[in-house]
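>>> sequence first, predicted model second:
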Amino acid sequence: MTETSGRGDHDTTLDAPDEPAPHEGGDAVSFLHDPDQRTDDLGEPGRPLSRGPFMWGLFGGLGALVALWIALMVVSIRGVLVLIVVALFLAVGLNPAVEFLMHRGLKRPWAVLCVITGVLLVFAGFLVILVPIISHQVTAIGDNLPQWFDKLQRNGQIRKFDAKYDVTSKVEDYVKSGAWAQKAFGGAVGVGLAILGALLNAFVVVVLTLYFLASLPSMKQAAYSLAPASRRERVSLLGDRILRNIGGYVSGAFVVAMCAGLSTLIFLFIVGLGSYAVALAMVVAMLDVIPMIGATIGAVIVCAIAFATDLKTGVVAVIFYIAYQQVENYLIYPRVMSRSVEIPGALTVIAALVGGTLLGVVGALLAIPTAASILLLVKEVFLPRQEAR
């Protein structure tokens, strides 16, 4: 039923709801909302935005800029990343010692504590006992360099070569001028900063290694949990095998280097070069860790000093290192590295060259276990999928 108001001839239906009227305020028009409307009611969604070529290009450009920014950030912190990677490799290399103690009945915290204590004692002993001896012997080698140059100049073949190219006088003038130190370190201030930076990096690596070694199981568990549940078991098995291989290589490389250093130390004492034995043995041990060329460089340094002191001693040194290289390559290295993945010789050379080019000596050290891990993944994951197709 309708009722007519007294406002003219217009009829108004009493049951009709009141519609919100537009409120004109200046040039803008706003609509009044129902006060009883729910707060979570946001209205009907509109049509989706058109994803035309412009939008795809815009999002693609933003993605490229973000990727470039991330790459620049990674490059800016590459020094820190290298320290982290080195510490992680060292922790994985020390983990076999922790597992050895765990198999003897120790719990992991106590095994980690024993290994950490042993590492710190060795490091402290090196600083307290060996550093003064090495420093003294290095000084002695530097003092004898002019005398050794004179002996080389008295040799007939060396004199003919020197008369033609004037090599020894150029080398002697270059060493005495100190230009090599200026170019290498930038002067006395540069030398001090380089030593300080090396000590700081060593301290950071030691601290990170201890943290990684203590938390290695939880780190592995966190990394494996990122894999899908259906593949988590296989990922964990492959990951554990890769870590065992890397640990075997890192610890084995240090064992091989220690064998080279100890054999050099004993040999130099036998042939009468005990005045430089500790310093040269340390040089040989440190260089022997570098793949392919490290052992050869160490042997060349020792043989050069042996020839400079006495011709017969130099010949004996050459014979000794040729024989030792055969023993190391065919007896020591295969036995020590039996736990690591065997990779072809060509791949070893390529990996060491690529790693050395990218990260220098550190890259060459880490290239071989990295290449072995990639080779394992190719054999266990990629090749079976190719055969199944």
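It's in.
>>> residue contacts, the closest residue in space to Ala295 that isn't next to it in sequence?
Using C-beta to C-beta, 6 or more residues apart in numbering and skipping residues adjacent in sequence, the residue nearest Ala295 is Asp288, 4.9 Å away. Glycine gets a C-beta too; all of them are placed from N, C-alpha and C. Asp288 makes contact with 256-257, 260-261, 294-295, 298 under the criterion C-beta atoms under 8 Å, 6 or more residues apart in numbering.
>>> element containing the spatially most central residue of the chain?
Nearest to the geometric centre of the chain sits Val85, at 3.5 Å (C-alpha atoms, centre = their mean). Assigning secondary structure by DSSP states H and E places Val85 in helix 78-103.
>>> what does the helix or strand just after that helix rub up against?
With elements assigned by DSSP H and E, the helix or strand that comes after helix 78-103 is helix 108-125. The contact list for helix 108-125 (C-beta under 8 Å, 6+ apart) reads 94, 97-99, 101-102, 106, 206, 210, 213-214, 217.
>>> which parts of the stretch 201-350 of the chain are helices?
216-224, 232-271, 277-288, 294-309, 311-327, 333-336, 345-377 (DSSP state H, counting those that start in this stretch).
>>> the first one vs helix 108-125, what angle?
Yep, that's helix 216-224 we're talking about. Relative orientation of helix 216-224 versus helix 108-125 (axes from the mean of the first three to the mean of the last three C-alpha atoms, to 10 degrees): 110 degrees.
>>> same question for the fourth one.
Counting by the same axes, to 10 degrees, helix 294-309 points 20 degrees away from the direction of helix 108-125.
>>> what's helix 294-309 packed up against?
helix 131-154, helix 232-271, helix 277-288, helix 311-327 (3 or more C-beta pairs under 8 Å, 6 or more residues apart in numbering; DSSP states H and E).
>>> ok, now with 7 Å
Judged by 3 or more C-beta pairs under 7 Å, 6 or more residues apart in numbering; DSSP states H and E, the packing partners of helix 294-309 are helix 131-154, helix 277-288, helix 311-327.
>>> buried residues in the second one, which are they?
Pointing back at helix 277-288 there. 277-285, 287-288 (16 or more other C-beta atoms under 10 Å).
>>> please apply the same query to stretch 349-362.
Of the residues in stretch 349-362, those buried (16+ other C-beta under 10 Å) are 351-352, 355-356, 359, 362.
>>> in CSV: the residues you listed, plus distance to Asp310 and pLDDT.
Listed next are the buried residues of stretch 349-362 as CSV, based on distance: C-beta to C-beta, whole Å; pLDDT from 0 to 100:
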residue, distance to Asp310, pLDDT
Ala351, 40, 81
Ala352, 35, 78
Gly355, 39, 82
Gly356, 35, 78
Leu359, 40, 76
Val362, 37, 76
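>>> and the two most separated of those?
For the buried residues of stretch 349-362, with distances taken as C-beta to C-beta, the pair at the greatest spread is Ala351 and Val362 (13.5 Å).
>>> burial of Ala253, as a residue count?
23 (other C-beta atoms under 10 Å).
>>> typo on my end, Val204
So Val204, with other C-beta under 10 Å, has 15 neighbours.
>>> do I have it right that it meets Val82?
No - using C-beta atoms under 7 Å as the test, Val204 is too far from Val82 to be in contact (10.7 Å).
>>> how much space between Cys303 and Ile77?
According to C-beta to C-beta, to the nearest Å, Cys303 and Ile77 sit 42 Å apart.
>>> so for the two, which sits in the more crowded spot?
Higher neighbour count among Cys303 and Ile77: Cys303, with 19 against 10, using other C-beta under 10 Å.
>>> grab the nearest non-local neighbour of that one.
Ala317 (4.6 Å).
>>> burial count for that neighbour?
Counted with other C-beta under 10 Å, the neighbours of Ala317 add up to 24.
>>> who are the contact partners of it?
Applying C-beta atoms under 7 Å, 6 or more residues apart in numbering to Ala317 gives the contacts 302-303, 306.
>>> nearest to Trp56 among those?
Val302 (64.6 Å).
>>> now stretch 229-241: buried residues?
Applying 16+ other C-beta under 10 Å to stretch 229-241 flags 235-236, 238 as buried.
>>> can I get the buried part of the contacts of Asp288 as one ChimeraX selection?
Buried residues among the contacts of Asp288 (16+ other C-beta under 10 Å), as a ChimeraX selection:
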select :256,257,260,261,294,295,298
